[in-house]
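Q: here you go, sequence then predicted model.
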Amino acid sequence: MKGQDEGIVSTIIIAEVLTGFTWQKTQKKMLRQKNLFGRLALNGFKIVTVTLEITDLAANLKVKRGGRLPDALIISKAITQSTNLMYSQYKDLQRYDKDTKIYELS
């Protein structure tokens with residue numbers, strides 16, 4: 001629904017998506033896709049930034065479960081926002097399944 005958050009998105013995910021846009025062959029195409037992504041993100045997702053609470057939790061998760069720090073940060077954001085994490089094509093996040101419910105989208 002417009003005006004209500006239907007989910008959360010991490011600033012880390014936004015950075016990863018925006019990095020992909022820079023690989024576009026033309027500046028015009030890159031700007032068009034960035035604008036579309038911005039409109040979609042603003043119309044249904046709460047953008048969650050990294051806080052001290054999130055970084056502390058991420059550090060503990062990384063030590064406890066291993067893996068990459070960006071993944072631990074993303075999981076920490078989901079935990080602090082009391083959300084389920086829905087993720088696609090990245091099985092390594094299953095290491096955090098004891099900390100939050102992780103779904104693989106197909």
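A: Nice, I can see it.

Q: which parts of this protein are helices?
A: All helices of the chain, identified by DSSP state H, fall at 11-21, 27-42, 52-65, 69-80.

Q: nearest to Lys98, of those helices?
A: Closest approach to Lys98 among the helices of the chain (Cβ to Cβ): helix 52-65, 8.1 Å. Where C-beta positions appear, they are placed from N, C-alpha and C, glycine not excepted.

Q: what's the most buried one of the helices of the chain?
A: Stretch with highest mean neighbour count among the helices of the chain: helix 69-80 (a mean of 22; mean count of other Cβ atoms under 10 Å).

Q: hmm, back to that, same list, the helices of the chain, but as JSON lines with mean pLDDT and distance to Gln94 please.
A: Shown next, in JSON lines, are the helices of the chain (pLDDT from 0 to 100; distance: least, Cβ to Cβ, whole Å):
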{"stretch": "helix 11-21", "mean pLDDT": "75", "distance to Gln94": "18"}
{"stretch": "helix 27-42", "mean pLDDT": "74", "distance to Gln94": "26"}
{"stretch": "helix 52-65", "mean pLDDT": "96", "distance to Gln94": "10"}
{"stretch": "helix 69-80", "mean pLDDT": "90", "distance to Gln94": "11"}
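
Q: dump the ones you listed to TSV, plus distance to Tyr103.
A: Listed next are the helices of the chain as TSV, based on distance: least, Cβ to Cβ, whole Å:
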stretch	distance to Tyr103
helix 11-21	16
helix 27-42	20
helix 52-65	18
helix 69-80	11
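
Q: of the ones you listed, which approaches Asp92 most closely?
A: Of the helices of the chain, nearest to Asp92 by Cβ to Cβ is helix 69-80, at 6.7 Å.

Q: neighbouring contacts of that closest one?
A: Helix 69-80 is contacted by residues 8, 10, 12-13, 48, 50-51, 53-55, 57-59, 61-62, 65, 84-85, 92-93, 96, 99-100 when judged by Cβ atoms under 8 Å, 6 or more residues apart in numbering.

Q: tell me which of the helices of the chain lies nearest to Glu104.
A: Comparing those by Cβ to Cβ, helix 69-80 comes nearest, at 14.2 Å.
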